[in-house]
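# here is a sequence with its predicted model. Questions after.
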Amino acid sequence: MKLGIKIIAPLALVVIMVLGVISMSAPPSPLGSEEWPLPPEDYPMENLTSNLNVTNMTLFGAQPISTLGGGLDFPLGSQAFYYLGAIKNDTFLAFVVAKFPDISSSLRFGARVLETLKEGFPENATHYLVTNDGGLLTIKEANQTMSLWYGKGWLFLIQVTKGGEKGAEAVSEFKKAILRAYKG
């Protein structure tokens, strides 16, 4: 009996240490963070879109959509809206907010959109990350900035007609608005 405890206790300690090293070496998912905000899966689309208020932004309108074009049709049961707006009257943007019937459909659709967008731009202009929880993509060019992120049953896509600091600032303001819309 004492021999079993003497063997099991150190073995358990080794297992705990190995699991700790594995969990510390796994990169944290940025999805759902302030930089890449994702509402909870059960958060109502109506609440998000009605609370969407971007600082210094004028919304020209919202249109329900069922496709992004190019064969990227939203899965049945999804809700998606396409918005047009301007920030400070000189930076125009278009964005899509989509809520899916379940997490797995958002992951499948988001991965397809990410791959499609990634293939359409030079490699040095794109930065992306795909995890089991979702994905994100940033495209920065001289005359435009684009950002996509998805997971938890949601997808956000924004395209800004400015590159550089102005484009990054507009995307950042949009992300803050998403965060404020569901966190209050």
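Arrived safely, thanks for sending.
# surely Phe95 is in contact with Trp149?
No. Using CB atoms under 8 Å, Phe95 is not in contact with Trp149; the gap is 11.6 Å. All C-beta spots, glycine's among them, are computed from the backbone N, C-alpha and C.
# so the two - more neighbours on which side?
A direct count of neighbours by other CB atoms under 10 Å for Phe95 and Trp149 places Trp149 higher, at 28 against 25.
# sorry, back to before: intersection of neighbour lists for Phe95 and Trp149?
The overlap between the contact sets of Phe95 and Trp149 (CB atoms under 8 Å, 6 or more residues apart in numbering) consists of Phe156.
# need the contact list for the spatially most central residue of the chain.
Nearest to the mean C-alpha position of the chain, by CA atoms, centre = their mean, lies Trp149 at 2.1 Å. Trp149 sits next to Leu31, Trp36, Leu38, Gly134, Gly135, Leu136, Leu137, Leu155, Phe156 when contact means CB under 8 Å, 6+ apart.
# turn these into a markdown table, including distance to Ala177.
As requested, these are exported to a markdown table (distance: CB to CB, whole Å):
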| residue | distance to Ala177 |
| --- | --- |
| Leu31 | 18 |
| Trp36 | 14 |
| Leu38 | 14 |
| Gly134 | 19 |
| Gly135 | 21 |
| Leu136 | 17 |
| Leu137 | 19 |
| Leu155 | 16 |
| Phe156 | 11 |
